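J.: Please find the sequence and the predicted model below.
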There are 4 protein chains.
Amino acid sequence: MKPVKQMNIKTGMDVKDLVKEMSGSGVFGAGRIAQAADILKSMKSDKDCKIFLGVAGAMVPGGMKGIIIDMLKNGYAHVFVTTGANLTHDLIEALGFEHYQGNCQADDKELHKKGIDRIYETFMPNKVYEDLEKFFNKNFDKLKGETSIKEFLWKLGSLLEKDSILKTCYDKKIPIFCPGIADSGIGLMMWGHLAKGEKVEVKAFEDLKEIMDLAWTAKRTGVIYVGGGVPKNYIQQSMQLTKGATYGIQVTMDRPEPGGSSGAELREGISWGKLNDKAKHVNVICDATIALPLVYSAVK
Amino acid sequence: MKPVKQMNIKTGMDVKDLVKEMSGSGVFGAGRIAQAADILKSMKSDKDCKIFLGVAGAMVPGGMKGIIIDMLKNGYAHVFVTTGANLTHDLIEALGFEHYQGNCQADDKELHKKGIDRIYETFMPNKVYEDLEKFFNKNFDKLKGETSIKEFLWKLGSLLEKDSILKTCYDKKIPIFCPGIADSGIGLMMWGHLAKGEKVEVKAFEDLKEIMDLAWTAKRTGVIYVGGGVPKNYIQQSMQLTKGATYGIQVTMDRPEPGGSSGAELREGISWGKLNDKAKHVNVICDATIALPLVYSAVK
Amino acid sequence: MKPVKQMNIKTGMDVKDLVKEMSGSGVFGAGRIAQAADILKSMKSDKDCKIFLGVAGAMVPGGMKGIIIDMLKNGYAHVFVTTGANLTHDLIEALGFEHYQGNCQADDKELHKKGIDRIYETFMPNKVYEDLEKFFNKNFDKLKGETSIKEFLWKLGSLLEKDSILKTCYDKKIPIFCPGIADSGIGLMMWGHLAKGEKVEVKAFEDLKEIMDLAWTAKRTGVIYVGGGVPKNYIQQSMQLTKGATYGIQVTMDRPEPGGSSGAELREGISWGKLNDKAKHVNVICDATIALPLVYSAVK
Amino acid sequence: MKPVKQMNIKTGMDVKDLVKEMSGSGVFGAGRIAQAADILKSMKSDKDCKIFLGVAGAMVPGGMKGIIIDMLKNGYAHVFVTTGANLTHDLIEALGFEHYQGNCQADDKELHKKGIDRIYETFMPNKVYEDLEKFFNKNFDKLKGETSIKEFLWKLGSLLEKDSILKTCYDKKIPIFCPGIADSGIGLMMWGHLAKGEKVEVKAFEDLKEIMDLAWTAKRTGVIYVGGGVPKNYIQQSMQLTKGATYGIQVTMDRPEPGGSSGAELREGISWGKLNDKAKHVNVICDATIALPLVYSAVK
């Protein structure tokens, strides 16, 4: 048995050293942060490992967009799955808008009068939707065709000039999946055209071919789940016919006890064959906006 | 100010009386259960109210299928949104399989060897997938066509003989939406055919027309969120262009602080116009398998 | 393996039947509620079982006082441990004051101006402290002597006329422990006299003799933890030198992962010998104001 | 309104810079970590501020002892309140024992056979109690006298040679309070002597004089709550008769909704007068073993 080494904080220490101290302590949240850093390092340095990154939760309004883009650009994610909401917020920033530091105790009635949408502690002016609409009106013909959701999203990315998740995935040809895309501001924009009787032929099931192939053809896989939801589950299901992921990191505040996939511990995936029974894996029970920057800056 | 009335438990009391006692006490979880029952009653008895029920989390493996079907049959849900996982588990039971009472401390490696998939405390034999496959092979031609996800799911429902969520929605013509359908066992089955080069033309955005219309044309709306995820968010977005829901109930164990939609308090929706600022609404912080039966049996 | 039986809700059903349906379903929160009811029944009907009930959290302001008194009167608790706060709120009600249904979104600054103390969603007029003071001034001589905390609390109970936890424990000679009594409004009242230079000789460690004896001399023991904190831990420690509790129920919303005793799963106690390795035990992850009334009314 | 600045992670960045990036982002958990660092800095540099540090939860087994000692030595805590458990684990390490990195999936029955006590993911050999007993046998005469709990704990600290929380508080004459001391391994040791008929005269209420005076005489106060429980509540109550704390930091994973003090948001204290209505304060929803090292190393 390895003793718990009481952590030692030095003035001006860098993040790598802080996480090393956490690793010495080895237990509870601190120990898990250290394990996550260690596993992230391992999957990154394993040349035969394809990394599937799933991101749910309001990570763009939460200030994590830069880190996600950085991970995509630097080989920490070879396949990316996220929610329509994150892509909508990414697109909104790519079109020149910003999110604002808000307040979760604000009077929502007053905010509504002022045209401000609240995302917990983040504010967003509702008028972003007008510019979104203009953007979709201008580009609708390029987006409506018979295609997969991934191709639809790459097309979106190809239309952007500002650095963004969508543009990065397109530029670097990183497969980006979002099965629930209709459930988002982007969906609303497409609905605007459907409502006028226009045709949209983006296909719901088409991407399955690609994500299943990506998982199947990988020598080894690593999975990173920031939040749960569809992004986690969609990657999990792509692992089901493989020998299971070799590396796994999950960061979530959701509890396992109510039984849903979002809070389920990674080891549950072993029963399904989604996680290899010899996998290095860790469940970090932490707000992702704390854990992700901490772990990533300890490894980068 | 109304005093907190200390709850009084009588031998053999019925659920209505228990929840009435909770209402007297009026605070914390008990008070919220009572409020939820009251709001459910209100939205049900409001003839001009269209009820949108969103269900996420492993509610079929968690034993809630019967209640959901009951709610659908008895006018507690006029529009239904759920996850692909719940529909897959519903389909599995409709094809004659069962889920089993399991154990969250089980050895997942052993389960894997025995071909048992674990969903927290529920077990499912992995061989259900073989029969699912047969079912989809037999019916693929009926399912692959150019259609919306809702029509796809109604078609699925029309093929079933056993009582189920899918069949109930089809039989009663209750619109059933599942934007993330590709992310499910049902998705996997369709992939089996895609992988063989067959064509599937189910459209990703098509349903938006119908759900937005359903919200728009309702005189008043009520929203019930059992869990968060895509089902909640998809209903929320359909409310955005209306005057906001008049009634709202949310049951979840997710926290608001990490910022995601699943844990967000309903009042946040007021800023967006998704919830009317005069709406009766309540956030019940409780495992849905406890709160849903309790609230529903207090009202039915 | 036992199948998950989908729950079936009938109009007008009583709580026993509801919990029976939960037992059939058998998993997640519902299954645990049913197990808790079953274990409570078992420990109550086991004539050789001494039941230790620990109650933390604002259970009196939360409307649970009546249930606690009922449990004490009806043999569901032979030893009682709680926080100073609960006893203070119990005393306040025994002196004729009430708590009020409040609102967790209230402006705390405004409440402060109005002399209202907030306990999440419960309000309490701050002026209760004046009457508390009068009560302690009047009775100080009876309370200050060289005694254990239990004797101090029984003396308090003997001075009350209205039904209350304190009076019930005194009347029925139920040992009542509260190691952290100084940390409470009752403590503040005693401080008022200490500050004037008066002597108070209540002893900090004295009760250990009695609680350790109570555990040691029991043929079998059952533990019920409503919330964690000192009440749980103090009972746990009394079990450490026995063969471990035979029955265990824990109701809490605290998580196990941060490592504290409050959220720790009961099975952890097996390693310490606090829980017998053959014990029937269950962790109910639920707001106690929902779970306690539900479980108790299913058994009473 | 201040825009959310997407965080930017640089290779080799130090913790101060990481937390500065979190401050730019400004929302959710990251924003709160940054606020906590800012508030900690403010209260430390305010020469008229007396800092009350309350620590609950298994912080010594969790590897936080070093940080707590460091904070005590460097002026980040002028008054210290904790649980008996933490002091017992501190004493155990001071006597030469260690805690070990364990595993929360371990078989508790097997651990029990091996004499290993589990604290979530930390292991402790049960035989530490034998040496504790020897220590108390040797020093009992010095510890049993008519005194306050604080004096009792300082006496304990005076007997230790190894660096520890107890020794630091004694050496630096930092008032250390632990109202629930009987609820701990230290309590068990004192019980060993009580059981033999020896007399112990440590007084339960005595410390109230000192902690109330410490709060009352401070020009300004800052409160830091690592976990809730008695340590938080005891400090809160000492603030009740002052003008309220000027600075407040709370780190906990407990939820506010069940109504208990541990999870209650700091702003609730404004209604009671425990927190000044102009106080800088923040609730960090995070495992303390992650948040405390992160915040402290950003400030030290």
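T.: Thanks, I have it.
J.: remind me, longest helix of chain A?
T.: The helix spanning the most residues in chain A, taking DSSP state H as the definition, is helix A:28-45.
J.: by contact count, what packs against that helix?
T.: In terms of contacts (3 or more Cβ pairs under 8 Å, 6 or more residues apart in numbering or on different chains; DSSP states H and E), helix A:28-45 is packed against helix A:15-25, strand A:49-55, strand A:220-226, strand A:245-252, strand A:275-285, helix A:288-299, helix D:288-299. Placement of C-beta: from N, CA and C, glycine included.
J.: Check whether the fifth one comes near chain D.
T.: When you say that, I think you mean strand A:275-285. Yes. Strand A:275-285 reaches chain D (Cβ under 8 Å from any Cβ of the partner chain) through A:Ile285.
J.: Please state the offset of the host helix or strand of A:Cys169 from the chain centre?
T.: Per DSSP states H and E: A:Cys169 is located in helix A:165-171. Put simply, helix A:165-171 sits 14 Å off its chain's centre (Cα atoms, centre = their mean, to the nearest Å).
J.: what helices or strands is it leaning on?
T.: Helix A:165-171 sits against helix A:65-73, strand A:79-82, helix A:84-94, helix A:149-158, strand A:176-177, with contacts defined as 3+ Cβ pairs under 8 Å, 6+ apart.
J.: quick one: contacts of that helix?
T.: A:60, A:65, A:68-69, A:72-73, A:80, A:82, A:86-87, A:90-91, A:94, A:153-158, A:160-161, A:174-176 (Cβ atoms under 8 Å, 6 or more residues apart in numbering or on different chains).
J.: 7 Å instead?
T.: Helix A:165-171 is contacted from outside by A:65, A:68-69, A:72-73, A:80, A:87, A:90-91, A:94, A:153-154, A:156-158, A:160, A:176, using Cβ atoms under 7 Å, 6 or more residues apart in numbering or on different chains.
J.: wait, isn't A:Ala36 in contact with A:Ile249?
T.: Yes. If you go by Cβ atoms under 7 Å, A:Ala36 and A:Ile249 touch, sitting 5.0 Å apart.
J.: which residues do the two both contact?
T.: Contacts common to A:Ala36 and A:Ile249, judged by Cβ under 7 Å, 6+ apart, are A:Val282.
J.: Which residue, other than its chain neighbours, is closest to A:Lys44?
T.: The spatially closest residue to A:Lys44, leaving aside those adjacent along the chain, is A:Tyr76, at 6.0 Å (Cβ to Cβ, 6 or more residues apart in numbering or on different chains).
J.: A:Leu275 now?
T.: A:Gly269 (3.6 Å).
J.: Counting by contacts, list what the helix or strand where that neighbour lies packs against.
T.: In this assignment (DSSP H and E), A:Gly269 forms part of helix A:268-272. With contacts taken as 3 or more Cβ pairs under 7 Å, 6 or more residues apart in numbering or on different chains; DSSP states H and E, helix A:268-272 sits against helix B:108-114, strand B:116-119.
J.: Quick one: mean pLDDT for that helix?
T.: For helix A:268-272, the mean pLDDT works out to 98.
J.: who touches it?
T.: A:236, A:240, A:275, A:277, B:108-109, B:111-112, B:116-118.
J.: From these, list the buried ones, please.
T.: When the contacts of helix A:268-272 are checked for burial by 16 or more other Cβ atoms under 10 Å in any protein chain shown, the buried set is A:236, A:240, A:275, A:277, B:108, B:111-112, B:116-118.
J.: Redo those as JSON lines? Include pLDDT and distance to A:Gly192.
T.: Compiled in JSON lines, those are given as follows (pLDDT from 0 to 100; distance: Cβ to Cβ, whole Å):
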{"residue": "A:Gln236", "pLDDT": "98", "distance to A:Gly192": "33"}
{"residue": "A:Gln240", "pLDDT": "94", "distance to A:Gly192": "37"}
{"residue": "A:Leu275", "pLDDT": "98", "distance to A:Gly192": "41"}
{"residue": "A:Asp277", "pLDDT": "97", "distance to A:Gly192": "48"}
{"residue": "B:Asp108", "pLDDT": "98", "distance to A:Gly192": "46"}
{"residue": "B:Leu111", "pLDDT": "98", "distance to A:Gly192": "47"}
{"residue": "B:His112", "pLDDT": "98", "distance to A:Gly192": "47"}
{"residue": "B:Ile116", "pLDDT": "98", "distance to A:Gly192": "47"}
{"residue": "B:Asp117", "pLDDT": "98", "distance to A:Gly192": "41"}
{"residue": "B:Arg118", "pLDDT": "98", "distance to A:Gly192": "43"}
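J.: For A:Ile92, which non-adjacent residue is closest in space?
T.: Per Cβ to Cβ, 6+ apart, closest to A:Ile92 is A:Val128, 4.9 Å.
J.: which residues does the nearest residue in space to A:Leu294 that is not next to it in sequence contact?
T.: Leaving aside its sequence neighbours, A:Leu294 sits nearest to A:Ile33 (Cβ to Cβ, 6+ apart; 6.0 Å). The neighbours of A:Ile33, taking Cβ under 7 Å, 6+ apart as the test, are A:19, A:22, A:284, A:291, A:294-295, D:290.
J.: residues in the stretch 1-150 of chain A within reach of chain C, list them.
T.: A:28-29 (Cβ under 7 Å from any Cβ of the partner chain).
J.: what sits against whichever residue of the stretch 1-150 of chain A sits closest to chain C?
T.: Using Cβ to the nearest Cβ, the single residue of the stretch 1-150 of chain A nearest to chain C is A:Phe28, 4.5 Å away. By Cβ under 7 Å, 6+ apart, A:Phe28 lies in contact with C:257-259, D:62, D:120-121, D:287, D:289.
J.: how about TSV for the residues you listed, with distance to C:Lys47, pLDDT and neighbour count added?
T.: Shown next, in TSV, are the contacts of A:Phe28 (distance: Cβ to Cβ, whole Å; pLDDT from 0 to 100; neighbours: other Cβ atoms under 10 Å in any protein chain shown):
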residue	distance to C:Lys47	pLDDT	neighbour count
C:Glu257	39	96	21
C:Pro258	39	95	27
C:Gly259	38	95	29
D:Gly62	42	97	32
D:Tyr120	36	97	23
D:Glu121	39	97	25
D:Asp287	44	98	28
D:Thr289	45	98	30
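J.: Closest one to chain A out of these, please.
T.: For those, the nearest to chain A is D:Asp287 (3.0 Å; Cβ to the nearest Cβ).
J.: Surely the closest one is in contact with A:Gly29?
T.: Yes. Contact criterion Cβ under 7 Å: D:Asp287 and A:Gly29 qualify, at 3.0 Å.
J.: overlap in contacts of those two?
T.: Common contacts of D:Asp287 and A:Gly29 (Cβ under 7 Å, 6+ apart): A:285-286, C:257-258.
J.: quick one: which two of those are the most distant?
T.: A:Cys286 and C:Pro258 (10.3 Å; Cβ to Cβ).
J.: can you list residues touching both of the two?
T.: Residues touching both A:Cys286 and C:Pro258 (Cβ under 7 Å, 6+ apart) are A:29, D:287.
J.: burial measure for A:Gly24, as a count.
T.: 18 (other Cβ atoms under 10 Å in any protein chain shown).
J.: wait, doesn't it sit right on A:Gln6?
T.: No. A:Gly24 lies out of contact with A:Gln6 (Cβ under 7 Å); the separation is 8.4 Å.
J.: Flag every residue of the stretch 101-250 of chain A that's near chain D.
T.: Counting by Cβ under 7 Å from any Cβ, the residues of the stretch 101-250 of chain A that sit close to chain D are A:101, A:120-123.
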